[in-house]
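>>> Need a 3D model of the following:
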Amino acid sequence: MPKRKKSGNNPLSSARKDAGGLWHRKSGAGYHLFLSYYATQPLGVVTDGNDSHHQSSTSAAAAAAVSGSVKSVVGNSRAAKKRRRKKNGTSSSSPDAITENFQGDDTHVATANDVDTYHPLIQAFNSKSNKYPHLTTFIHTLSRPLPLTLRIRKHESADSSEITRTLSNFSNFVSPVSYDPTKQIYQSTPGSNLCKFNLGHLCPELKSIVIDASMNGTLARQDLGSMLPVLSLQAVGAMKKGSKVLDMCASPGSKTAQALEVVVSVDKTRGRVIANDVHPKRLDSLREALHRSGVPTELTDRVTYTNFDASVFPSPKSKKLFDAIICDVPCSGDGTIRKDPHILPIWSPRTSNELHGLQLKILVRAMELVKKGGVICYSTCSLNPIEDEAVVSAALSEMNRDDNAYQLLDWPEDLMPGFRIRPGVDSWKVAFYDENNLEKDEDDFGSLSIYESYKDAVDAEVGEANASFWPNSAIKNLSLHRCCRLFPQDQDTGGFFVALIKRVK
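Below is the predicted model of the structure:
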């Protein structure tokens with residue numbers, strides 16, 4: 001396939017840059033907006049309401065409607081805050097400085113059951129005076145570092161028995177997860193407090209083993225959410241030996257490598273993964289990462305690298321469409337905040353709103369490229385419905401307009417017995433934030449504007465509003481409950497969203 005012209009455009013970076021500048025990052029606005037936004041969402045988005053005795057279907061903020069919009073005020077007046085600081089003797093240190101200290105100080109790393117009061121998200125949460133009790137477990141989980149997760153690779157050249165025996169010597173640090181019958185997924189034990197940041201400090205010998213095994217092709221350091229697209233596509237029969245797979249936004253490459261282990265035939269002559277990325281440098285990094293992974297060259301030779309905008313990925317010259325498509329789109333990444341401390345300081349609903357259109361275009365193109373009987377796994381590492389169910393519902397509505405050629409599949413329950421997946425939602429709140437309406441000092445964070453419909457947003461002259469942000473009239477017929485949400489608090493993971501879409505006609 002010919003390569004498209006190289007472009008320096010990075011939609012994710014642009015969306016995050018537009019979401020807020022230096023004041024936004026240093027003021028701590030991102031933490032407060034994150035709390036206010038998810039507190040406003042209906043139950044089922046990030047919590048089922050059983051985190052505390054709070055059982056209302058939405059937060060108080062969602063109930064306060066005025067002329068079709070809600071102002072969810074984040075923060076009190078400057079004068080009130082100064083009086084409270086003076087009374088309590090607290091410092092007005094910027095959350096940005098707190099975040100930097102948190103990242104670099106092992107003494108601030110919470111254990112599996114402790115709450116790290118130094119974490120700026122916890123400080124923002126506590127400043128709300130128990131305003132959002134239904135988010136307690138969700139927020140406490142997010143404040144802890146992400147446990148180390150490992151996957152034993154499955155290919156003929158990998159000696160899984162040897163690495164299994166080796167890891168068993170460190171059972172006080174890592175052990176197989178209970179819901180994986182293959183015993184190939186390992187996670188830090190609950191009391192070990194082991195994460196990628198402190199592995200070398202807590203157990204240098206295990207770190208050395210993990211690095212060596214990651215370079216000789218026997219072990220992958222991969223988050224649990226990142227494993228789900230390939231595992232689910234394999235479980236529904238769309239990805240198997242000899243399959244032709246497209247990984248539309250492939251960098252950094254963990255899913256590409258995982259897919260190779262599944263599709264390449266024993267004789268290494270069948271099965272192919274097309275690894276695509278719009279950014280040439282990320283594609284080069286992906287290629288290098290695959291070669292560093294230790295995966296045998298007879299497997300990596302079955303990868304074809306392409307450099308296209310995924311939303312206009314060209315049809316195969318052979319006219320043969322794909323058996324399975326991994327559609328893990330660029331996203332806000334708020335499900336990754338346990339391992340990436342740079343997300344929350346700049347968090348704003350604008351990031352998701354700006355990425356929504358691109359995500360929808362990529363998913364629609366994937367639906368055009370999958371063969372009849374084939375399956376797409378649409379996924380994000382975000383829990384924001386604007387990037388998740390809103391994209392899926394808009395794509396299904398567009399592509400099923402004439403003949404209902406696509407349908408959502410149920411999560412394959414026999415894949416990992418006991419693994420808790422939450423159903424997708426069919427209602428959510430749409431929020432907007434404009435920092436230009438604020439006096440930019442470190443004490444005021446402004447407000448979210450929430451509109452119940454696209455018409456309300458248009459009437460209010462919200463320029464970034466898009467009709468597909470809101471649940472559409474046919475949403476009850478789309479079976480969005482078949483989508484899957486991974487709550488961080490359920491299995492001590494990151495947040496993730498998965499939707500399996502099958503082409504039936």
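
>>> Please make it C-alpha for all contacts and neighbour counts, starting now.
Fine.

>>> Let me see the mean pLDDT of stretch 247-257.
Stretch 247-257 shows a mean pLDDT of 96.

>>> measure that stretch end to end?
10 Å (Cα to Cα, to the nearest Å).

>>> Now do the strands in the stretch 201-350 of the chain.
Ranges of strands in the stretch 201-350 of the chain, per DSSP state E, counting those that start in this stretch, are 219-221, 244-247, 272-276, 303-306, 322-328.

>>> State the paired neighbours of the first one in the sheet, together with their directions.
In its sheet, strand 219-221 lies beside strand 149-152 (antiparallel), with partners assigned from DSSP bridges.

>>> now the following helix or strand past the strand it pairs with: mean pLDDT?
Following strand 149-152 in sequence order, the next helix or strand is helix 160-168 (DSSP states H and E). Helix 160-168 comes out with an average pLDDT of 94.

>>> same thing with stretch 197-217?
The model assigns stretch 197-217 a mean pLDDT of 95.

>>> which stretches of this structure aren't confidently modelled?
For the chain, applying pLDDT under 70 flags the ranges 1-23, 51-113, 156-158, 435-446.

>>> Just the CA trace of stretch 355-363, in PDB.
Only the C-alpha atoms of stretch 355-363 are listed here, as PDB (Å, rounded to 0.1, in the frame of the first residue of the first chain):
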ATOM      1  CA  LEU A 355     -11.800  13.700  20.000                       C
ATOM      2  CA  HIS A 356     -15.300  12.400  19.600                       C
ATOM      3  CA  GLY A 357     -15.600  13.300  15.900                       C
ATOM      4  CA  LEU A 358     -12.300  11.600  15.000                       C
ATOM      5  CA  GLN A 359     -13.200   8.500  17.000                       C
ATOM      6  CA  LEU A 360     -16.500   8.200  15.200                       C
ATOM      7  CA  LYS A 361     -14.900   8.600  11.800                       C
ATOM      8  CA  ILE A 362     -12.300   5.800  12.600                       C
ATOM      9  CA  LEU A 363     -15.000   3.400  13.900                       C
END
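
>>> re earlier: pick the most deeply packed of the strands of the stretch 201-350 of the chain.
strand 322-328 (a mean of 27; mean count of other Cα atoms under 10 Å).

>>> That strand vs strand 272-276, what angle?
Strand 322-328 and strand 272-276 are oriented at 30 degrees to each other (axes from the mean of the first three to the mean of the last three Cα atoms, to 10 degrees).

>>> Run through the neighbouring helices and strands of strand 322-328.
Under the contact criterion of 3 or more Cα pairs under 8 Å, 6 or more residues apart in numbering; DSSP states H and E, strand 322-328 touches helix 224-235, strand 244-247, helix 349-369, strand 370-380.

>>> Give me the angle between the first one and strand 370-380.
So the one you mean is helix 224-235. Helix 224-235 and strand 370-380 meet at an angle of 160 degrees, taking the same axes, to 10 degrees as the criterion.

>>> And the contacts of helix 224-235?
149, 239-240, 254-255, 258-259, 262, 324, 326, 375-379, 381, 411-412, 415, 486, 493-496, 498, 500 (Cα atoms under 8 Å, 6 or more residues apart in numbering).

>>> Buried ones only from those, please, as a PyMOL command.
Buried subset of the contacts of helix 224-235, written as a PyMOL selection, criterion 16 or more other Cα atoms under 10 Å:
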select buried, resi 149+239+240+254+255+258+259+262+324+326+375+376+377+378+379+381+411+415+486+493+494+495+496+498+500
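
>>> tell me the contacts of residue 338?
When contacts are counted by Cα under 8 Å, 6+ apart, residue 338 touches 142-146, 494.

>>> Looking at those, which are in helices?
In this view, the contacts of residue 338 that belong to helices under DSSP state H are residue 142.

>>> how close does residue 305 get to residue 288?
12 Å.

>>> try residue 332
25 Å.

>>> cool, and residue 337?
Residue 337 is 26 Å from residue 288, by Cα to Cα.

>>> Compare neighbour counts for those two and give me the winner.
Here residue 337 and residue 288 are set side by side on neighbour count (other Cα atoms under 10 Å), and the busier one is residue 337, at 20 against 13.

>>> Which residue is the nearest non-sequential neighbour of the more buried one?
residue 343 (6.0 Å; Cα to Cα, 6 or more residues apart in numbering).

>>> residues contacting that neighbour?
333-334, 336-337.

>>> What is the nearest of those residues to residue 274?
Comparing those against residue 274 with Cα to Cα places residue 333 closest, at 23.8 Å.
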